[in-house]
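>>> predicted coordinates and the sequence they were generated for:
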Amino acid sequence: MEVESAKCECCELREDCTRGYILGVKADFGGRWLCGLCSEAVRDEAARKRAGGGGAAAAGGMEEALRDHMSFCAKCRKKNPAFRVADGMRQMLLRRRSN
């Protein structure tokens, strides 16, 4: 298996992945590659939006969640990458705890 380096379009973190995995992630997120942390955050937010009502279609909810998360990451890019990852983990854990 050949491994490629992929850069997250949200947080700019790089991960080494197989081509098949990269293509699968891109298929889930409208052609954008997201790292594991960002993809989980987007999926959680999309699920929260669907559960909160509004009747949005699954694809529309995912696109909105992706747009929201990308906006959040753009605000955090000025921080050190280690802080971005730690902050993302903190937010994900807080979300999980509140469910």
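Received the coordinates, thanks.
>>> helix, strand, or coil at G31?
Assigned state for G31: coil (three-state reduction, DSSP: H, G, I helix; E, B strand; the rest coil).
>>> brain fart, E9
The three-state label for E9, taken from three-state DSSP, comes out as coil.
>>> and the nearest residue to it once chain neighbours are set aside, how far is that from G61?
If the residues on either side of it in the chain are set aside, E9 comes closest to R32, at 4.6 Å by C-beta to C-beta, 6 or more residues apart in numbering. Just so you know, the C-beta spots here come from the backbone N, C-alpha and C atoms, and that holds for glycine as well. Counting by C-beta to C-beta, to the nearest Å, the gap between R32 and G61 amounts to 16 Å.
>>> what do you get for G30?
Between G30 and G61 the computed distance is 13 Å (C-beta to C-beta).
>>> what mean pLDDT does the helix or strand hosting A47 have?
Taking DSSP states H and E as the definition, A47 sits inside helix 36-51. Across helix 36-51, the average pLDDT comes to 90.
>>> list the contacts of the residue positioned nearest the centre of the chain.
Nearest to the centroid of the C-alpha atoms of the chain, with distances taken as C-alpha atoms, centre = their mean, sits C38, at 2.4 Å. By C-beta atoms under 8 Å, 6 or more residues apart in numbering, the residues touching C38 are C8, C10, C11, L13, H69, C73, G88.
>>> between R32 and G61, which has more neighbouring residues?
G61 (20 against 16; other C-beta atoms under 10 Å).
>>> name the secondary structure element that contains the more buried one.
In this assignment (DSSP H and E), G61 forms part of helix 58-76.
>>> alpha carbons only: can I get that helix in PDB?
What follows is helix 58-76 as a C-alpha-only set of coordinates in PDB (Å, rounded to 0.1, in the frame of the first residue of the first chain):
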ATOM      1  CA  ALA A  58     -28.600  15.000   5.600                       C
ATOM      2  CA  ALA A  59     -26.400  16.400   2.900                       C
ATOM      3  CA  GLY A  60     -27.500  20.000   3.600                       C
ATOM      4  CA  GLY A  61     -26.800  19.500   7.300                       C
ATOM      5  CA  MET A  62     -23.300  18.100   6.600                       C
ATOM      6  CA  GLU A  63     -22.500  21.000   4.300                       C
ATOM      7  CA  GLU A  64     -23.600  23.500   6.900                       C
ATOM      8  CA  ALA A  65     -21.600  21.800   9.600                       C
ATOM      9  CA  LEU A  66     -18.600  21.700   7.400                       C
ATOM     10  CA  ARG A  67     -18.900  25.400   6.600                       C
ATOM     11  CA  ASP A  68     -19.300  26.200  10.300                       C
ATOM     12  CA  HIS A  69     -16.300  24.100  11.300                       C
ATOM     13  CA  MET A  70     -14.100  25.600   8.500                       C
ATOM     14  CA  SER A  71     -15.000  29.000   9.700                       C
ATOM     15  CA  PHE A  72     -14.100  28.100  13.200                       C
ATOM     16  CA  CYS A  73     -10.700  26.700  12.100                       C
ATOM     17  CA  ALA A  74     -10.000  29.800  10.100                       C
ATOM     18  CA  LYS A  75     -10.400  31.900  13.200                       C
ATOM     19  CA  CYS A  76      -7.900  29.600  15.100                       C
END
